[in-house]
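Colleague: Okay, here's the prediction I keep looking at, along with the sequence it came from:
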Amino acid sequence: MDISVLGPCRVVQSGVSVVPTAVKPRKVLALLALYPDQVVSVASLVEELWGESPPRSVQTTLQTYVLQLRNLIAAALGDRLPADLPNGAKSVLITESGGYLLDTQGGMVDVSEFERLSGAGHRALEAGDFVGASASFRRALELWRGPALVDVQCGPLLEIEATRLEESRLGILNQRIEVDLSLGRHHELVGELSGLAAQHPLHEGIQAQLMLALYRSGRRGNALEVYQRLRGVLSRELGLDPSPDLQRLQCAVLDSAVELELTGAAREAAFSGSGGPLRALRGG
């Protein structure tokens, strides 16, 4: 069984999709797919489906949804059952004490692959292999086909998980851009960062990366415009000023500070811990 949740929910058994069209069975499958090869408790499934107001027939209704999923799995398996699935669909969607487990039979799970590639990128970065880190981060991000579970009507638990996954994606995206900036790829990053800055107008990290990319591309005026736009948005939306880091970055741009080149020792300082290129402005 192959599982993809980084975008539309896709669960494929024996080459056949087993994702139901009905809203609630799809939510059950999505929650099981987020925890493959692990027991998901009945209490968690009930909370996801009905929140604090489950129907009186909650147990029977949940069992009906599980039966619908098993029917889809059985149809995908066909008449010739593999030796490792002696009970057919019941060997794939397994009833456990207090819950249910979705057995992937060693199939591909995109979240697991995303985490594996992200970890490889971090290890490459720690080893000073910036090219390898960028490649691993890019491969991790390529697994995404849209917002997590974009075609599922998420309840409270799925909403939390979708948000967590999106935060993970933004974190890896930030790391990949930092690495690419350190590799001198600022020209090719300007377009991507401009789009990201428009999507996330309050995200100071993205705005800072755009300022750096523009500055290193010989567009100091545009870099300062990004700062002024950010300051205006923060003031209007939150009544705040840019952070001290962003203020230091603005001063560095105005002064054409050598630290902004992020080469040699400055680059090593920036990547010796969290904070990206702004770390160099703080003196490592």
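Modeller: Noted; the coordinates are in hand. Numbers count the residues shown, from 1 in each chain.

Colleague: Could you check how many residues crowd around E225?
Modeller: By other C-beta atoms under 10 Å, 13 other residues sit near E225. C-beta: built from backbone N, CA, C; applies to glycine.

Colleague: Let's see the pLDDT reported for it.
Modeller: On pLDDT, E225 comes in at 97.

Colleague: same question, F137
Modeller: Listed pLDDT for F137 reads 98.

Colleague: Just give the nearest non-adjacent residue to it, would you?
Modeller: Leaving aside its sequence neighbours, F137 sits nearest to R176 (C-beta to C-beta, 6 or more residues apart in numbering; 3.6 Å).

Colleague: same for the helix or strand encompassing that neighbour, what does it pack against?
Modeller: Using DSSP states H and E, R176 falls within helix 156-182. Judged by 3 or more C-beta pairs under 8 Å, 6 or more residues apart in numbering; DSSP states H and E, the packing partners of helix 156-182 are helix 23-34, helix 42-50, helix 110-126, helix 130-141, helix 186-199, helix 204-216, helix 265-270.

Colleague: Just put those in JSON lines and tack on distance to R10.
Modeller: Formatted as JSON lines, the helices and strands packed on helix 156-182 follow (distance: least, C-beta to C-beta, whole Å):
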{"stretch": "helix 23-34", "distance to R10": "9"}
{"stretch": "helix 42-50", "distance to R10": "19"}
{"stretch": "helix 110-126", "distance to R10": "8"}
{"stretch": "helix 130-141", "distance to R10": "18"}
{"stretch": "helix 186-199", "distance to R10": "25"}
{"stretch": "helix 204-216", "distance to R10": "29"}
{"stretch": "helix 265-270", "distance to R10": "38"}
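
Colleague: so of those helices, which one's packed in deepest?
Modeller: Compared across those, helix 204-216 shows the largest average neighbour count, a mean of 24 (mean count of other C-beta atoms under 10 Å).

Colleague: Let me see the residues that make contact with that one.
Modeller: The set of residues external to helix 204-216 that reach it, using C-beta atoms under 8 Å, 6 or more residues apart in numbering, is 174, 177-178, 181, 184, 186-187, 189-190, 193-194, 196-197, 200-201, 220, 222-224, 226-227, 230, 242-243, 245-246, 249-250, 253, 260-262, 276-278.

Colleague: Could you do stretch 21-33 as well?
Modeller: For stretch 21-33, contacts defined as C-beta under 8 Å, 6+ apart pick out 3, 5, 9, 11, 18-20, 40, 44-45, 48-49, 62, 65-66, 68-69, 93, 100-102, 149, 152-155, 157-158.

Colleague: try stretch 71-87
Modeller: Counting by C-beta under 8 Å, 6+ apart, 12-20, 88-89, 91-93, 105 sit against stretch 71-87.

Colleague: ok, now stretch 37-54?
Modeller: By C-beta under 8 Å, 6+ apart, the list of residues contacting stretch 37-54 from outside reads 24, 27-28, 31-32, 58-59, 62, 65, 96, 98-104, 155-158.

Colleague: Quick check: chain neighbours aside, which residue is closest to the most centrally placed residue in the chain?
Modeller: Nearest to the geometric centre of the chain sits R169, at 2.8 Å (C-alpha atoms, centre = their mean). Among residues not flanking R169 along the chain, W144 sits closest, at 6.0 Å (C-beta to C-beta, 6+ apart).

Colleague: list the contacts for the residue nearest to the centre of the chain?
Modeller: Contacts of R169 (C-beta under 8 Å, 6+ apart): L6, L141, W144, A148.

Colleague: Great, nothing more from me.
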